[in-house]
Each structure stands twice: as structure tokens, then as C-alpha cells.
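S.K.: Next comes the sequence, and after it the predicted model I'd like to discuss.
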Protein chains: 2
Amino acid sequence: MTKSAQTVGEFLFDYLHSQCGIKTAFGIPGDFALPTFRWLERSKMKLITMTHEPSVGFAADAYARVNGMGVAIVTYCVGGLNMLNSIACAYAEKSPVLVISGGPSPKDREQNEDALIHHKVRTFDTQRHIYEEVTCANAVLLDPATAADEIVRVVETMKRECRPGYIEVPFDVVDMPITPPSNRSKLSPIVRDQEALDACIEEAVEFINKAKQPVILAGIELHRHNLTDNVIRIAEKFNLPIAADLLSKSVVRETHPLYIGVYSGAFSEQACREYIDNSDCVIMLGTFITDMFLGINTAQIKTKRSILITTEEARVGFHGYEKIQLQDVVERLESGAIADRGAFKNPCPAPEIKPLAKENRGKEITIEKFFNTLEHRMEEGSTLVCDTGDAVFGAMRVRTSKRRNFLADAYYLSMGFAVPGAIGAIAESNPQDSGRVFAIVGDGAFQMTGMEVSVAAKYKLAPVVFVLNNDGYGTQRYILDGSFNIINMWDYTKVTELMRYGRSVRVKTLGELDDTLVEIAKNKNEMYLVEVIIPRNDCSPALKSVGEGLAKLRNKEAHPDKA
Amino acid sequence: MTKSAQTVGEFLFDYLHSQCGIKTAFGIPGDFALPTFRWLERSKMKLITMTHEPSVGFAADAYARVNGMGVAIVTYCVGGLNMLNSIACAYAEKSPVLVISGGPSPKDREQNEDALIHHKVRTFDTQRHIYEEVTCANAVLLDPATAADEIVRVVETMKRECRPGYIEVPFDVVDMPITPPSNRSKLSPIVRDQEALDACIEEAVEFINKAKQPVILAGIELHRHNLTDNVIRIAEKFNLPIAADLLSKSVVRETHPLYIGVYSGAFSEQACREYIDNSDCVIMLGTFITDMFLGINTAQIKTKRSILITTEEARVGFHGYEKIQLQDVVERLESGAIADRGAFKNPCPAPEIKPLAKENRGKEITIEKFFNTLEHRMEEGSTLVCDTGDAVFGAMRVRTSKRRNFLADAYYLSMGFAVPGAIGAIAESNPQDSGRVFAIVGDGAFQMTGMEVSVAAKYKLAPVVFVLNNDGYGTQRYILDGSFNIINMWDYTKVTELMRYGRSVRVKTLGELDDTLVEIAKNKNEMYLVEVIIPRNDCSPALKSVGEGLAKLRNKEAHPDKA
């Protein structure tokens, strides 16, 4: 092995930039990580520092969802453990975020494993052990001779599994000369059974061709594994309708003539729900079968009448197949002998978007009307980043005009995703050609991470943040109410003054909202924070269903028949 | 076993209230935890809801440091994992915080362990596995027949070990009738070696009596295990001087005539440092030997010239003893044959506190002068809650007048402790007899958790928050500087307007600070947020030493001789 001219820190960021195409990292420095931050500062990568670690993870996650892979860089334990929830979210929803953490020196570990060095919790490996639970690969770079191979192994595993990875860089090792990586892959080969694949495809094609009403459910794994183009080609070639779920929403552009909407059991739009529940062949590709996807046990998709192919399983009706790759199935279906269905009459097309009627200008802003008004004024290519609660459930029926311009942690459902997520989404966007980034967030979630608009101020970014103010934890009021759902009512319009950046507006009527949206469109380089006053007892039709579904489970007293 | 009239939820909060004396819990609700929140609301315990989970942990931790045990209640994963860092802090610094998390139903686990239920990360036990790393005992209450015994086991272990515990309560089990606890302890008995104890005490007493300059270093475990009174009696009975460290600061009232200050190697005050470094018998009782305690390798305490008794080890000089309890040693020393040293001439007494001189009123506010001015105006019994950075290093030399009125995470050193910690500290305090709670926090840390002043607004509490604004991550500038230490400059005085509660003041001169302190003392029921403008290049003498110590380790380029 020859020594490289590069240090561990130089190699790390050069590799992430040149081999993974990552242009921006998100982070918060801390003393164990400072030497690593210095190498990052000297690299070709850009750094965006956030105000609090939970947001670092969300920003890097959103960046990964848009650009393929993200980097979150923090200090040992006090930084890393404070970001755990966001990385757990990325794990649950398969978003490849690389966590880079500073760490203590190998010398400290060797001298006395019980040494009490600040930031240490129980053992030197506490943080790594914890991250094992939420990452697909991890490494502590104790030795510059193996560091490059370890970096490559972690990143290659992340690419394969689309999950977060963890690399801990001791503060001193980062400055040491690195041994270049060997060229052999450290990953075990993927096992494929060609005969099983043939049999699976044959059965699937026959199943689809015999069906009266086949429909594709395009799951989130298609986007994560770059298979969306293939599936759209399948739909177009054979005239198969296509739906998404809340997590995969915008995996297909939602104005596509074959697109019938977001499926989520009883939470879906009626026509979309009926089409899929009545289908005799639901082709689920890369779909996460979650409780939200199933509309809290209201979905009618039967095993017998469906095909499910994901990175983890493959089945056609009741027949399971082993050693089948999602990518292989998708590619074979594209070139397969599926019968062309001919012109498709869409039962649930993108609705006509109507401007706000004059007589409605004075009316209060309901969640449903908020999204209608926004949809009308939203320019093509705008990105929506939605937080947990009615920000995401209400957005279900908005049709986005481009792929990947809807982002939400719609399965893990952690609050606080949207504002830092918008920072992640905006990082590589060009306002001239890719439209605006809108963060939509409830008041409760805004109080968690909304102050990350500070980052927009620091870097002169121009997101638009809508705070849907319904006076408390509104979603939970529909499940089980109590004084614990009350929060202090902030004056959200003071946030931009506090940040010394951007404009604040409070809107109470549809007319005010519409006018504000017109103003926002004219001021592309200005950050806006819009407090939207929502009636306390209002919610979207979808949330009403979700709330009722969960209330049956959680609130036994209100439903004594279910006790 | 007979069934109790109580449900699992009723028993849980009744037990914590009546058997552990916990009057207030801190939390954020979420759907898996809502039924548990309902039982809490119906119990005798009070609930304080925070805005973001990392703060829930810090508030419960501060409450535990003051009142003996704390409770942090959150929802499954999205809540619990977001609080991990604060509980890791409590683990590292031995603060018994009970984490109560909502969780999925045992039925869901039985039916399909791979089910994707929202908030789930990898397996149903991901959160529990993670919490195993930062707690001394954990339980998932899957069965109401064993739930009471499990609750008792976790809490009893926490009391013994003074560490956090974890109880996960499935959303449906919480409503089920509980079987009362059996009366047998689930804990293994403590093993004591009476002969070893006799030998240890004999050697220790002889060692102390032969010494020319013995000194007690009172560690944090004395407070955690209720042994402070005993150690003060030992000091007073034999006229032994006593010092604390930064983590245990205020374990003894700092105006005690035998008290010589906070020891932290080269970071200490000169006279205190010299007294201890020159001592031929440093009696460390319940002390955590951390890198901060050792002043980053600058302490001169030699094994040969010291006694160390903690819950984990016991040694006199080089002689180690096994199966010795800290409590037994402390009690035996108190009644032991230690020679009375006679009147003690304190080399480092509490300095005379001088009012601000008129000619200094127009001067800028340095960290050192800030603490001098505060100390002069601070009423007896006031509590200081200090954040990481110069908020804690600068406070090192302030003498608090009562025990336990200094709180800081001075070993784990996570940023963001002070504002939520002040909420925890104020929860049971009575402004009439126990003085004011002051949170002291840098601008960087305030941007992390400072918005928890919202909680003061919600519950009409009156803490005083000082934001030491030195324009960025000031501590890190002394270790290794770069653009990553820059943060967006907020207008902190807007925070109270945003909260619609409290008063804001910005002070730039010592006179303004002094006048503000006078005003604050007059308005006991008013929350204050005071932005203190600190010169960018100023820091406390202690931080200067800490920064130099860490810079030698982290910043090899600036110290080529050390590379």
C-alpha cells in the first residue's frame, strides 16, 4: 500500500463530491469535529450550518430525496445523538444520508477505555452502537491505512440499500495521510435466480393481461432506486393507469394523463379509492405497505388480486419468489408482452384549477381552500415540503406538475421536517428554472424546528413558509383531546423581524391569501413567512378520516363498543 | 394475583407521585402516547408541555437534579428518539430521569413483526434497544399482570444507580387493569465486604491524619446519593477545607468558610488550584474524574497523594478496595478518628462582592464583568442554570449562596441545556422563598433551545434569561476558527414580542446591565429576556485556558510542534 498525498479529511470530501455528486453538506460544528469541518471548508463541497442538530438530519434527508445522497456532519454524541430521530426517519423512509461525526482519538481509547472525556456517554462506542440501529453500514476510522476502504464500503452499501450510513472520524485521524482505497468491492455480490425471475415475469404478465382493471401503484423505492422512468414507460407503453401513495407522492408528475391520484385506503379521493379497491390486479412496485398506505385498515387490496415487488420481497398473488431484484422485474416488464389496453379514460384526472371566486375573497381559510388557492397560484415546478399533520394530509389532493416536487416524511411522520427540509430542498435549486420551495407546517411543528428560517437568512435563500395556525396540536385533537394539546400562541409574524430577514404576512381570508401569493410570485428572491389563520375546528377531509381511524384505536372511552 | 381497581396508567402516575415524590412531569404528546397523557392529566401530577423533545429531556433532567427524580413523557420513536441526547446527558452525569414512551400494541407485535406502523424505524424494539445504551433499566409493559413489578424494578434501579430509566407503555395496555406489585424486590442485593471497609477506613484515616494539607473534593455523587450533609459535617467536625468541581459546583454552599472554590486543573482560580495541587492528601468523594475536572491534563493530583471513593471504585493512595459502598465510607469517616485541624485560614475565600463603580458604568460588558455584576445583584437563593461555553466557564467563579443553586451539564457539555433546564428548575420553586431562576446561555445555544421561553409564557413562569451575544460559536473560535462558527445574528429582544409574554432588554454597558438587574429584582413575576452584548473577542479567563487546552489537541496546524 502506498500512502496518498491526501489526508483522511481531504479524501473523504473529495470522494463524496467527485464519486457521489454531493455538492452541499449540512452540519453543526463541535470541538471533536472541528478539524473535519476545516477539511470540508477547504473541499469543493459547500457547507450549510443549521441552528440545531435535529434539523441537520432533516435538511440532509430532504437533500438526499432530491439529489440522491445527503451528508450530515456533527460532533461526537452531543451532536450525533441529538440528530438521531432525523436519521431514524431517513432509515424508515429509505433516504441515504451519510452521518459524519467527530470522535475521540484512537489513543484515548487505547490508553483507558473508562476515561471520562466530555461528550462521552457510557463507552467510546455508545454512539456507534446506537447508530447501528438506524443505518445500514457504519465505520469508525481508527486507522488511516484502512479508512479509505471503510469510507467506500459504507457509501457503496448506502447506495445499494438506500439507507443512512455512519462514519465516525477521530479528530486527529482526519489530519493523517490516507492509504488509497483498494479496488475490490467490500460488498457481498447480489444473488439473482434467473429462473425464478423468468417464472415471476411470466406469471405477472399473464395476471396483468387477464385482468379487467389493472393499475400500477408506484412506490417510493422506484424513486430511490432510479426506476421511475422505466415505470412511466411501462404505463405509457401499455396504457396502464398509475397511482402513488402519500410517501411516494410526486414520484410521477401528477398531471400525467394516466395518473389517478394518491392512494391511502379510506383517506384517498373517492374515485381513486374505488378504482384501486375494485381493481383485480394492483401492481405494487417498490411500495411500502404501511398503516398509512392502508388507510388504517381501510384499504381493500387483497393478496389474491395484487402483485408486490419491492427490494425486500416479490410475489404475484399468493406466489412468493426468492432472489428477485426490483430493478430486474421493472426492466423485464418494460420489454415484456403486456397487452396494450388502448386509450385510458381517467376516472380521477387532475381537476381543473379554478381561480378564487370574488364572492369567496372574504371567507375564512379552511385547509381545503388553502390548498386550492395555493395550487392555483403555484408556478410550475414549485416544490412542496410538507410537515406532519394537516400540512401533509391536506396536500394529498394537490397535483404537483413535476416529479419530485413533493417532499414529506409521510410514513415516519415526525413533526418538524418541513422547514429544515425546505432548506435541504432549496440548496441546489435554481429559482430561475426550478420554481419556488414552499414549506407547509402546522403551528406545533413550527415551534419545534421553524426557527431554521435563520439558515435562509444566513445564506440568503428565499423559501416560502406557511404556518398553518389552528391554535395547537390540531391533528391530535381529532384523536384524543386534552389540555396537553394546547400550545402557547406565538405571533409568528415576528419571526422575520427577529431574523432580520424576509417578510411576514398574516392572512385570515381567502382574498388576503390570494393577494399574498401574487406578491410572493413577484418577489422571487425574498423569503416569506405567512401565518395562515385556520379555524380551530377545521381540518382536511383526509385528516378527518385519519383522526377517526386513530381515535378508534387510541380513544377507547369515546368508542366503548371497541373496548 | 388479584386484579387492582387501578389501570396501568393510574398505577404508574400514582406510584411516581406517592412513592417517588414527583410532582411535575415534562412532555410532548403524540398519538401512541395520548391515552397515557390522559391518565397523567387525571393524576395528582402536574404536566408541563415543552415545544420540542430535546428540551423535554433537559427540563426533566434539571428537575431531577433539584428534586431527586424527573419524568419525561413522549411518544414512540419520533418523540423518544428526538430526546435521546438529553437522556444521554442525564446518563453521563447521573441524573435519574424516567423516560415514559408511548408504544404500539402487543397485538401488533404478535400479528406481524414486520408490519410497517408509522413511527416505527426498523423493528418494534428499535427504540428500546437504543435506550438500553443510555439507561440503567428498561421495560416494555406488554402485560398488565407484570407491569407493576416492571415499573417498580425500573424505578428502584434508577434510585440505586442514579441513572435514567425507560418504560414503554403500549397505547392499549395503559387502559387495562393492573395486577398490584409483589412486595419482593427485583434487585440483586448489594454486596458489602465489612473487613475491606474496616481496612479502607483505617488506612484513609491514617493517611489524612499524617497529611500536612488534606482537602476534600466534594463530587457530584454526594448530591445524587444524598450524602452532602454528611460530608459537610466531616469538614466542619475536623476543620478540613472543601472544594467542588465544575459538575458538582454548589454541592456545598459556596459562601461556607471552609470552601475554597471550584477545582478544574489550570482552569481553576489560582489560589484554589495551588492549594489542591500542593495537597499531600486530596480526598475525592463521589468525584467524576473527567477531562474537564483534570483541566485537560493540567491537574496535578497524583494517585499516591489522593483518596478516591465513588459508587464505582475505592482506593487510598495506590491501594484499591473491592465491595465498598460510598455511603458506608462517608458515614464511617464522619464518626471516625480524624484529627481536628483547628481553625482554617481560607486561602481562597468568597471574594467581597463590590457594587459596580460609577466610573465603570459606561464600559462594555466582558464575561468576567457580567458575572461580577450579576453576583452583586443576585438575591440569596437564586439559581443559576448555565449552558455550555462561557455561560458555564464564566460562572465558575461566582459563589452561590445555597446548595443546589447552580445547574449545568458541565461534563457532557451539550449545548441547549440552560433554557429548558431553567423551566425544570423553576417548576417546584416558590419565588417568595427560593429566589429567582436565571438561565445563562450563549447565542449559539439559545438558537438551539431558547424558544422554550414559550413554556414560561404558557405556564406564567418568571425565569430570567441572559443571552450572552458574542456573535457566533465563541468557544469554538478559541479552539479552531472558520466560517462554520458564524451564525445568523438574531434580534433576541424580539423573542418576548413573538411569545406575547415577558420583557426584553438589550444591554451594552455595565451600567445598563446593573440597572436592568435592579429592575428585574423588583418584578419578581415578570419573565425577562436580556440580550447582553459581549465583545466578539472577549472570553472568561477559564474559557481562555479551556480553549487553549483543546486547541493544542484539535488544531495541529496552529501548533506544529505538537503534530
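M.R.: Good, I have the coordinates. These numbers come from a predicted model, not from an experiment.
S.K.: Show me what the one helix or strand residue A:232 maps to is packed against.
M.R.: Remark: residue A:232 resides in helix A:228-238, with elements defined by DSSP states H and E. Applying 3 or more Cβ pairs under 8 Å, 6 or more residues apart in numbering or on different chains; DSSP states H and E, we find helix A:228-238 packed against strand A:214-218, helix A:220-224, strand A:242-245, helix A:326-334. In short, each C-beta sits where N, CA and C put it, glycine included.
S.K.: Check which residues of the second one are buried.
M.R.: So the one you mean is helix A:220-224. Residues of helix A:220-224 classed as buried by neighbour count (16 or more other Cβ atoms under 10 Å in any protein chain shown): A:220, A:221, A:222, A:223, A:224.
S.K.: Nearest residue to the residue of the stretch 151-300 of chain A at minimum distance from chain B in space, ignoring adjacent ones along the chain?
M.R.: Nearest residue of the stretch 151-300 of chain A to chain B: residue A:290, at 4.0 Å (Cβ to the nearest Cβ). Using Cβ to Cβ, 6 or more residues apart in numbering or on different chains and skipping residues adjacent in sequence, the residue nearest residue A:290 is residue B:116, 4.0 Å away.
S.K.: Around that neighbour, how many other residues sit close by?
M.R.: Residue B:116 has 16 neighbours, counted by other Cβ atoms under 10 Å in any protein chain shown.
S.K.: moving C-terminal of the helix or strand bottoming out on mean pLDDT in chain A, what's the next helix or strand?
M.R.: Sorting the helices and strands of chain A by mean pLDDT, DSSP states H and E puts helix A:431-434 at the bottom, at a mean of 60. For helix A:431-434, the succeeding helix or strand toward the C-terminus, using DSSP H and E, is strand A:437-442.
S.K.: in the helix holding residue A:232, what counts as buried?
M.R.: Using 16+ other Cβ under 10 Å as the test for burial, helix A:228-238 gives A:228, A:230, A:231, A:232, A:234, A:235, A:238.
S.K.: swap in stretch A:235-254?
M.R.: By 16+ other Cβ under 10 Å, the buried positions in stretch A:235-254 come out as A:235, A:238, A:240-254.
S.K.: so residue A:102 is in which element?
M.R.: Using DSSP H and E, residue A:102 falls in strand A:97-103.
S.K.: So what touches the helix or strand that that strand is followed by?
M.R.: The helix or strand immediately downstream of strand A:97-103 is helix A:106-111, counting by DSSP H and E. Here helix A:106-111 makes contact (Cβ atoms under 8 Å, 6 or more residues apart in numbering or on different chains) with A:115, A:117, A:124, A:142, A:143, A:170, A:172, A:173.
S.K.: Narrow those to just the buried residues.
M.R.: Among these, those classed as buried by 16+ other Cβ under 10 Å are A:117, A:124, A:142, A:170, A:172, A:173.
S.K.: residues contacting the third one?
M.R.: The contact partners of residue A:142, taken as Cβ under 8 Å, 6+ apart, are A:106, A:109, A:170, A:173.
S.K.: Direction included, what does the strand holding residue A:102 pair up with?
M.R.: Using DSSP bridges, the strands paired with strand A:97-103 in its sheet are strand A:70-74 (parallel), strand A:165-170 (parallel).
S.K.: can you list the residues of the stretch 351-500 of chain A near chain B?
M.R.: Counting by Cβ under 8 Å from any Cβ of the partner chain, the positions of the stretch 351-500 of chain A adjacent to chain B are A:411-416, A:447-449, A:451, A:454-455, A:457-458, A:473, A:475-476, A:479-480, A:482-492, A:494-495, A:497-500.
S.K.: So which of those residues belong to helices?
M.R.: Counting by DSSP state H, the part of these found in helices is A:447-449, A:454-455, A:457-458, A:475-476, A:495, A:497-499.
S.K.: Can you give me the buried ones in the helix ranked longest in chain A?
M.R.: Of all segments of type helix in chain A, defined using DSSP H, the longest is helix A:194-210. The neighbour-count check on helix A:194-210 (16+ other Cβ under 10 Å) flags A:197, A:200, A:201, A:203, A:204, A:205, A:207, A:208 as buried.
S.K.: circling back to that earlier point, can you redo the buried residues of helix A:228-238 as a markdown table with pLDDT and distance to residue B:534?
M.R.: Shown next, in a markdown table, are the buried residues of helix A:228-238 (pLDDT from 0 to 100; distance: Cβ to Cβ, whole Å):
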| residue | pLDDT | distance to residue B:534 |
| --- | --- | --- |
| A:228 | 95 | 52 |
| A:230 | 96 | 59 |
| A:231 | 96 | 58 |
| A:232 | 96 | 58 |
| A:234 | 96 | 63 |
| A:235 | 97 | 62 |
| A:238 | 95 | 68 |
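S.K.: how many neighbours does residue A:104 have?
M.R.: By other Cβ under 10 Å, the residues close to residue A:104 number 23.
S.K.: repeat for residue A:489
M.R.: Residue A:489: 16 surrounding residues under other Cβ under 10 Å.
S.K.: Quick check: it touching residue B:500?
M.R.: Yes - counting by Cβ atoms under 8 Å, residue A:489 touches residue B:500, with 6.8 Å between them.
S.K.: what is in contact with the two at once?
M.R.: With Cβ under 8 Å, 6+ apart as the test, residue A:489 and residue B:500 reach no residue in common.
S.K.: low pLDDT regions in chain A?
M.R.: Within chain A, the segments meeting pLDDT under 70 span A:1-4, A:430-434, A:558-563.
S.K.: Mind doing that once more with 80?
M.R.: Along chain A, segments meeting pLDDT under 80 span A:1-4, A:185-186, A:429-434, A:556-563.
S.K.: Could you list the domains of it?
M.R.: With domains defined by automatic domain parsing, chain A comprises A:8-175, A:194-334, A:358-549.
S.K.: Pick the most buried one from these.
M.R.: Of all those, domain A:8-175 has the most neighbours on average by mean count of other Cβ atoms under 10 Å in any protein chain shown, namely a mean of 23.
S.K.: distance between it and the chain's centre?
M.R.: Remark: domain A:8-175 is offset 19 Å from the chain centroid, using Cα atoms, centre = their mean, to the nearest Å.
S.K.: And for stretch A:270-277?
M.R.: Centroid separation for stretch A:270-277 versus its chain: 25 Å, with Cα atoms, centre = their mean.
S.K.: correct me, but residue A:43 touches residue A:14?
M.R.: Yes - shown here, residue A:43 and residue A:14 form a contact pair, counting by Cβ under 8 Å, at 6.4 Å.
S.K.: Up against chain B, what does the stretch 51-200 of chain A have?
M.R.: Residues of the stretch 51-200 of chain A lying near chain B by Cβ under 8 Å from any Cβ: A:51-54, A:77-78, A:81-82, A:84-85, A:88-89, A:91-92, A:105, A:115-122, A:126, A:129-130, A:133-134, A:171-172, A:175.
S.K.: What separation do you get for the residue nearest to residue A:290 and residue B:189?
M.R.: Distance, residue B:116 to residue B:189, using Cβ to Cβ, to the nearest Å: 44 Å.
S.K.: now residue A:77
M.R.: Distance from residue A:77 to residue B:189, counting by Cβ to Cβ: 34 Å.
S.K.: Please list all residues in contact with residue A:155.
M.R.: Residue A:155 neighbours (Cβ under 8 Å, 6+ apart): A:15, A:16, A:19, A:20, A:69, A:98, A:165.
S.K.: Ramachandran angles for it?
M.R.: Per-residue torsions, residue A:155: phi -70, psi -40 (degrees, to the nearest 10).
S.K.: The residue lying closest to residue A:269 once chain neighbours are set aside: helix or strand, and which one exactly?
M.R.: Closest residue to residue A:269 in three dimensions, ignoring its sequence neighbours and counting by Cβ to Cβ, 6+ apart: residue A:261, at 5.2 Å. Residue A:261 is located in strand A:259-263, with elements delineated by DSSP H and E.
S.K.: who's in contact with the helix or strand following that strand?
M.R.: Following strand A:259-263 in sequence order, the next helix or strand is helix A:270-277 (DSSP H and E). With contacts defined as Cβ under 8 Å, 6+ apart, helix A:270-277 is touched by A:213, A:215, A:217, A:241, A:243, A:260-263, A:265-266, A:268, A:282, A:299-301, A:347-348.
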